[in-house]
Structure formats: C-alpha cells, structure tokens
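Visitor: Sequence and predicted model, in that order:
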Amino acid sequence: MIIGARTPGDLEPTPETQAFWDAAAQGRFLVRHCNACDKAHWYPRGLCPLCHSSDTDWREGSGKGTIYAFSVMRKAEPPFVMAYVTLAEGPTMMTNIVECETDALRIGQPVELVFQPSKSGTPVPCFRPSTPA
Ligand SMILES: [Zn+2]
C-alpha cells in the first residue's frame, strides 16, 4: 500500500511548546535539550523528564531518525502509518510515516523529517524514508 502526504490533526500549542511551533512555522525542527544531564528529550517540556532539572533549552534537531516501531492503519480513510521514531538526538517520538510503500517499511529503517500541514496549516513533524545519499 502506498501512503502519500497526510493531514495530521491540529495540536494546541502550550506556553511550553509555543517556541517549537513558532520554529516549525519557519520550517525548523527544535528538540528540547537538558544542560544538566546533557540529553535531549521528547516531548518538549521545561523540566527534564530524565533528571528533573529545569536547566533546559532548545536545540536545532537534525531531522534524522530511525523507525523504532510502526503500525499501518489500513482501515482508516485514508490509510496512514503510526510510528515511533528514534531521533538521532536520542529520544523516541510518536509520529506518522508518510510518502512510503508500507510493505517496504522496516524496524530500524532510516527516516527523515518532513513537515505536514494540519487542517489549519500548522506544520506537524512527520517522517518519510530517507532518500539514499
Ligand atoms: Zn536532564
């Protein structure tokens, strides 16, 4: 089954995630990073979920990752792919895989960020199989 683009649901920015959505509107993918334990985390929040430090800031994400797990929602209209993608920065995020052939998807497969506009036009981070270099 071939999956094309997808229109994700709208997500409400919060004070903690407003900077993320502002950057996404400019085509930039931010990842929250903790200066105390030097690790990135997802979803973005002010208090590090790994060490509880509030010394966190935004870093530019690479947009690279690998598929940790995925499931093809074949009966949805239109069908889509739910997935956990492990970012190159470390954390794993729930997302959608788009622009893919579902039978060719594999655990551990390299994927790259592609923003998909929601109904209201907000760019939502999704992933597609990486194009060979
Ligand atoms: Zn931390």
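Guide: Structure's in. What do you need?

Visitor: And residue 79, how far from the ion?
Guide: 38 Å (Cβ to the ion, to the nearest Å). For the C-beta atoms, the positions are set from N, CA and C on the backbone; glycine is no exception.

Visitor: wouldn't that residue be in contact with residue 2 here?
Guide: No: Residue 79 is beyond contact range of residue 2, at 9.4 Å (criterion: Cβ atoms under 8 Å).

Visitor: So for these two, which sits in the more crowded spot?
Guide: It is residue 79, of residue 79 and residue 2, that has more neighbours when counted by other Cβ atoms under 10 Å, with 14 against 10.

Visitor: ranges for the strands of the chain?
Guide: Secondary structure of the chain (DSSP state E): strands located at 2-3, 30-34, 39-41, 56-60, 64-73, 80-87, 92-97, 100-101, 110-117, 123-129.

Visitor: Show me the common contact partners of residue 79 and residue 2, please.
Guide: By Cβ atoms under 8 Å, 6 or more residues apart in numbering, residue 79 and residue 2 have these common neighbours: residue 102.

Visitor: Could you dump the strands of the chain into CSV and include mean pLDDT?
Guide: As requested, these are exported to CSV (pLDDT from 0 to 100):
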stretch, mean pLDDT
strand 2-3, 94
strand 30-34, 98
strand 39-41, 98
strand 56-60, 97
strand 64-73, 98
strand 80-87, 98
strand 92-97, 98
strand 100-101, 96
strand 110-117, 97
strand 123-129, 97
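
Visitor: and residue 24, which of the ones you listed is closest to it?
Guide: Between residue 24 and these, the shortest separation by Cβ to Cβ is 4.5 Å, and it involves strand 123-129.

Visitor: returning to that earlier point: who wins for proximity to residue 12 among the strands of the chain?
Guide: strand 123-129 (12.2 Å).

Visitor: Would you mind naming what in this protein lies close to the ion?
Guide: With Cβ under 5 Å from the ion as the criterion, the chain comes near the ion at residues 34, 36-37, 48, 50-51, 53.

Visitor: switch the cut-off to 6 Å
Guide: Counting by Cβ under 6 Å from the ion, the residues of the chain close to the ion are 34, 36-37, 39, 48, 50-51, 53.
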